[in-house]
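Student: sequence and predicted structure below; questions after.
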Amino acid sequence: MPVDDALLDLEMHFEKAMEHLHHELRGVRTGRANPAIVENIKVDYYGSPTDIRSIANISVPEATQILIKPFSPGDLRAIEKAVNDSKLGLTPHSDGKQLRLILPPLSQDRRLQLAGQCKKFAEEAKINIRNARRDANKIIETEQKGGLLTEDEAEKGKEQVQELTKQFETKIDELIEKKRAEIMQV
């Protein structure tokens, strides 16, 4: 496997790590209501765990409210139970046809907790990136030992791997800082 192929695989792995981080951050609450907060909550739907977004319409009628309207009125109880069981700290208000989640204003302590949660997600992404870097470096070393790469090519390849790693770690830091600012904004 030439260095270029290893770098392509590495970049693809980094992109997946970034995509996962984006997905995780969408579910972190900020000052405004966002359907992503509840859309991945699992509901016991006829014996199989199903995302709320698959069995209900989720909308944001106001900046501090999330409205969940099940496609089938019989699913309202199961959705309500799933929201109560989730660790969001939101109490659903039912009118028999839909659920209304009212998001209370975030306290400073809760904002700091959420910012810490984002930091944890960032660390997980960085760990994934560093593991992929280690694997890419091992591939380059194996190629060098096998005689497919010269020592200079291997060193250049490792430098390129390190540059790519730094580039993605910087992207992660920027993304987390942006999300942190969003959370801390009153």
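Tutor: Perfect, thanks for sending it.
Student: doesn't residue 60 make contact with residue 34?
Tutor: Yes - using C-beta atoms under 8 Å, residue 34 is in contact with residue 60, at 7.0 Å. The C-beta positions use only the backbone N, C-alpha and C, and glycine is treated the same way.
Student: need phi/psi at the residue of the chain most remote from its centre.
Tutor: In the chain, counting by C-alpha atoms, centre = their mean, residue 147 sits farthest out from the average C-alpha position, at 40.7 Å. Main-chain dihedrals, residue 147, degrees, to the nearest 10: phi 90, psi 10.
Student: thinking again about what came up before, who touches both of residue 34 and residue 60?
Tutor: residue 66 (C-beta atoms under 8 Å, 6 or more residues apart in numbering).
Student: hmm, residue 79 is touching residue 55, no?
Tutor: Yes - with contacts counted by C-beta under 8 Å, residue 79 reaches residue 55, the gap being 7.2 Å.
Student: these two: which is more packed in?
Tutor: residue 79 (24 against 17; other C-beta atoms under 10 Å).
Student: helices and strands around the biggest helix by length in the chain, which ones?
Tutor: The longest helix of the chain (DSSP state H) is helix 108-145. Under the contact definition 3 or more C-beta pairs under 8 Å, 6 or more residues apart in numbering; DSSP states H and E, helix 108-145 sits against helix 3-26, helix 151-184.
Student: pLDDT below threshold where in the protein?
Tutor: Within the chain, the stretches with pLDDT under 70 are 1, 186.
Student: make it 50
Tutor: The model of the chain has no residue with pLDDT under 50.
Student: I'd like the next helix or strand past the longest strand anywhere in the chain.
Tutor: Scanning the chain for the strand with the most residues, using DSSP state E, yields strand 65-70. Following strand 65-70 in sequence order, the next helix or strand is helix 76-85 (DSSP states H and E).
Student: and the residue sitting nearest the centre point of the chain, how far from residue 172?
Tutor: A centroid search over the chain (C-alpha atoms, centre = their mean) returns residue 24, at 1.7 Å, as the residue closest to the centre. Using C-beta to C-beta, to the nearest Å, residue 24 is found at 12 Å from residue 172.
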